[in-house]
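K.L.:
quick one, what's the 3D model for this:
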Amino acid sequence: MKRCTRKSLMLVPLIVILLLEISLVNPKAFAYNAQRDKYLLNVFLDDINFILKGQLILEHHNRHNKVFDELYFHVYPNAFKSYGGYITIESVQNFDSLKQLKFVVEGEDSTILKVYLDSPLNPGSTIKLKLNFTVKIPFRGDRFGYRNGIFALGYFYPILAMYDETGWNLNPYTWIGDPVYAEISDYDVYIVTREYMVIAATGVQVEVEQLGEELKREHWVAPKVREFAFVASKYFTVLKTTWENITIYSYFKEDKGSMGDAALKFGEKAIKAFSEHVGRYPYPEFRIVEVDFGYGGMEYPMLVMIASNLYTPSTAFYLELVVAHETGHQWFYSLVGNDEYDEPWLDEGFTEMLTILYFEWNYDWKRGLEVLNMYKSRYYSYLSRYSDYSIALPVGFFEKSSYPHAYYYIVYRKGSCVLFMLRRMLGDETFFNIIRTYFRRFEFKIAKIKDFKQVAEEVSGEDLDWFFEQWVYGNGIPSYDIVASKTYPSVGGYVLEMDVEQLNSLLFNAKLKIPFLIKTSSGDYLKWLWVNGSLSKIKTVLPERPLAVKIDPYDYVLGEDPKITFYVEQVDVMLPDVFIAQFSVVTVLLFASLVTILIYKKRKGEVI
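P.N.:
All right, here's what the predicted structure looks like:
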């Protein structure tokens with residue numbers, strides 16, 4: 001570790017003066033939207049003392065029909081106190097009235113900053129606050145921390161809490177999920193570092209200014225993003241490429257060699273595939289950055305962090321998978337926002353779906369199926385030891401459970417499989433129209449599960465209450481067995497009757513659509529049929545005589561059904577009775593028609 005020198009210590013007061021000068025910069029340094037919050041951030045990263053000195057000027061517009069006497073912020077660095085990290089709020093000032101405001105840090109993990117306003121904030125009004133703060137960066141490989149020469153700085157500044165129909169959202173920091181729930185804002189950020197530091201950040205770098213011999217100030221702008229993060233290291237090598245008018249960067253340590261270039265190519269393929277199939281990536285730049293932490297990756301607007309241990313030839317597949325997943329978050333979390341704490345399925349489950357589709361769209365359907373089956377296998381393995389849960393549960397439920405890692409198996413793995421079930425049931429054309437419509441409707445907005453359901457029903461024209469009740473809000477997976485089956489001819493072809501038993505007692509009352517593979521003399525039919533309750537009598541008409549039936553042979557619906565063929569009983573003895581009954585109906589109809597014609601003609605005086 002580099003020792004702190006007398007010269008470096010003397011630089012800190014100079015930096016504080018520079019920050020005060022920057023605070024006078026016009027916050028409207030680029031095109032802002034009057035209704036969006038504006039964050040003007042001025043920070044100095046002291047990489048020798050592991051301190052970040054900062055100032056935030058927040059311009060907040062009250063978009064609610066409510067008067068506020070206080071505002072709340074998340075100060076997530078305090079969650080890292082046990083690792084030596086924290087944030088100290090030094091002052092809060094009303095930037096317009098110049099009055100110092102009272103504030104208190106509270107919450108179960110001291111990550112909530114409550115600021116008392118000096119005058120009420122009325123609906124439609126705007127307030128500008130100035131917050132001075134100091135952050136101690138922990139020695140920890142994480143999305144906030146320092147390890148092996150890399151500073152990962154997510155959540156380093158006070159983030160305004162979300163106010164919605166439930167009130168202020170003041171959830172604690174989460175270690176297994178993502179804590180952010182934020183509206184789109186505009187960011188204008190000045191970062192002062194020693195001149196040797198390479199910075200990757202949310203947004204676009206618009207200016208670099210030298211401050212003497214040792215320091216530089218980088219100016220980054222990021223309109224229409226949910227938050228801001230940056231990564232810094234003096235060891236980074238940088239590569240870049242372009243797809244259409246989007247520049248994609250890869251930041252990595254020199255020892256990663258060709259794998260840094262591989263990460264770049266994976267990112268380009270993901271940006272292209274998701275732009276073409278879901279909706280256009282709207283920003284001019286995107287950054288993939290190596291960070292030395294213990295999990296796969298982490299997403300921020302226009303920037304993703306990828307674990308150092310994935311940059312090896314032996315882990316190339318997982319590097320590609322994680323880059324695809326984190327890039328997918330640019331669509332689900334960054335562009336289509338959601339409450340990541342209370343409804344994490346809307347970003348994690350959807351992004352896992354995009355990860356599977358990345359392999360399908362860039363290679364072929366078999367590669368996509370391999371990844372889907374890998375996720376499904378991990379979910380089934382989890383179920384062999386632990387309980388099933390709803391994919392609509394909040395992060396906090398899993399964090400407080402006896403096995404917190406259930407979160408990944410339920411929300412990620414099961415969550416993506418549920419979306420693929422919907423795809424198989426509705427068909428590709430309808431399903432992808434749902435995804436694109438959902439993206440267009442909620443881009444730069446906040447979506448909830450009920451919103452996705454509404455879009456799915458609107459586009460498909462189907463009532464999907466049953467699907468969401470069981471697969472999103474419910475738990476447990478079905479298992480079916482055919483108790484009896486028979487077929488006999490009818491006017492329209494052949495009737496197939498089956499008695500289907502539900503083997504999972506937790507789902508005895510469930511109403512589900514299940515695919516059946518029906519074998520005939522000329523080929524196979526895959527038909528989705530309703531199965532109700534513990535024992536269902538199913539009847540369907542087919543154009544040809546059915547010979548055998550399999551329940552969900554491709555495992556489209558989550559569940560482990562008997563993978564055996566049920567041969568259909570041919571009930572030929574019923575043939576005469578069927579024809580007699582059908583002939584009798586036809587005869588009666590013909591006779592009635594003939595009588596009607598005779599009466600009509602007789603009334604006209606015609607001789608028959």
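K.L.:
mind listing what's buried in stretch 450-469?
P.N.:
Neighbour-count burial for stretch 450-469 flags Asp451, Phe452, Val455, Ala456, Glu457, Val459, Ser460, Leu464, Trp466, Phe467, Phe468 (criterion: 16 or more other C-beta atoms under 10 Å). Where C-beta positions appear, they are placed from N, C-alpha and C, glycine not excepted.
K.L.:
same question but for stretch 66-77, I mixed them up
P.N.:
Within stretch 66-77, judged by 16+ other C-beta under 10 Å, the buried ones are Phe68, Leu71, Tyr72, Phe73, His74, Val75, Tyr76, Pro77.
K.L.:
contacts for it?
P.N.:
Identification of contacts with stretch 66-77 by C-beta atoms under 8 Å, 6 or more residues apart in numbering yields 60, 62, 85-87, 89, 105, 110-117, 120-123, 127, 129, 131, 135-136, 144, 155-156, 158-161, 163, 168, 170, 173, 179.
K.L.:
now the buried members of those.
P.N.:
Buried subset of the contacts of stretch 66-77 (neighbour count, 16+ other C-beta under 10 Å): 60, 62, 85-87, 89, 110-115, 117, 121, 127, 129, 131, 135-136, 144, 155-156, 158-161, 163, 170, 173, 179.
K.L.:
restricted to strands, list the residues you listed.
P.N.:
Taking DSSP state E as the definition of strands, these contribute 60, 86-87, 89, 112-115, 117, 121, 127, 129, 131, 135-136, 144, 159-160, 163.
K.L.:
where does the closest residue to Leu52 other than its chain neighbours land on pLDDT?
P.N.:
Of all residues not flanking Leu52 in the chain, Val135 sits nearest, at 4.1 Å (C-beta to C-beta, 6 or more residues apart in numbering). On the pLDDT scale, Val135 is placed at 98.
K.L.:
could you do the one 5 residues further on as well?
P.N.:
Here the pLDDT value assigned to Arg140 is 97.
K.L.:
how much space between the closest residue to Val472 other than its chain neighbours and Asp342?
P.N.:
Counting by C-beta to C-beta, 6+ apart, Ala392 is the residue found nearest to Val472 once chain neighbours are left out, at 5.3 Å. Going from Ala392 to Asp342 by C-beta to C-beta, to the nearest Å gives 9 Å.
K.L.:
swap in Pro223?
P.N.:
In terms of C-beta to C-beta, Pro223 sits 27 Å off from Asp342.
K.L.:
now the buried residues of stretch 66-77 in TSV, with pLDDT and distance to Glu207?
P.N.:
Putting these into TSV (pLDDT from 0 to 100; distance: C-beta to C-beta, whole Å) gives the following:
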residue	pLDDT	distance to Glu207
Phe68	98	35
Leu71	98	31
Tyr72	98	33
Phe73	98	28
His74	98	29
Val75	98	29
Tyr76	98	28
Pro77	98	27
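K.L.:
return the member of these nearest to Phe286.
P.N.:
Nearest to Phe286 out of those is Tyr76 (C-beta to C-beta; 24.0 Å).
K.L.:
for that closest one, which non-adjacent residue is closest in space?
P.N.:
Tyr155 (3.9 Å).
K.L.:
in contact with that neighbour, which residues?
P.N.:
By C-beta under 8 Å, 6+ apart, the neighbours of Tyr155 are His74, Tyr76, Pro77, Arg143, Phe144, Pro179, Val180, Glu227, Ala229.
K.L.:
per-residue confidence for Ser536?
P.N.:
At Ser536, the pLDDT recorded in the model is 88.
K.L.:
number of residues surrounding it?
P.N.:
Look at Ser536: counted by other C-beta atoms under 10 Å, it has 19 neighbours.
K.L.:
so Asp37 makes contact with Ala161?
P.N.:
No - using C-beta atoms under 8 Å, Asp37 makes no contact with Ala161, being 11.7 Å away.
K.L.:
could you look up the SS state of Phe431?
P.N.:
helix (DSSP: H, G, I helix; E, B strand; the rest coil).
K.L.:
hmm, I typed the wrong one, I wanted Ser275.
P.N.:
Ser275 is classified as helix under three-state DSSP.
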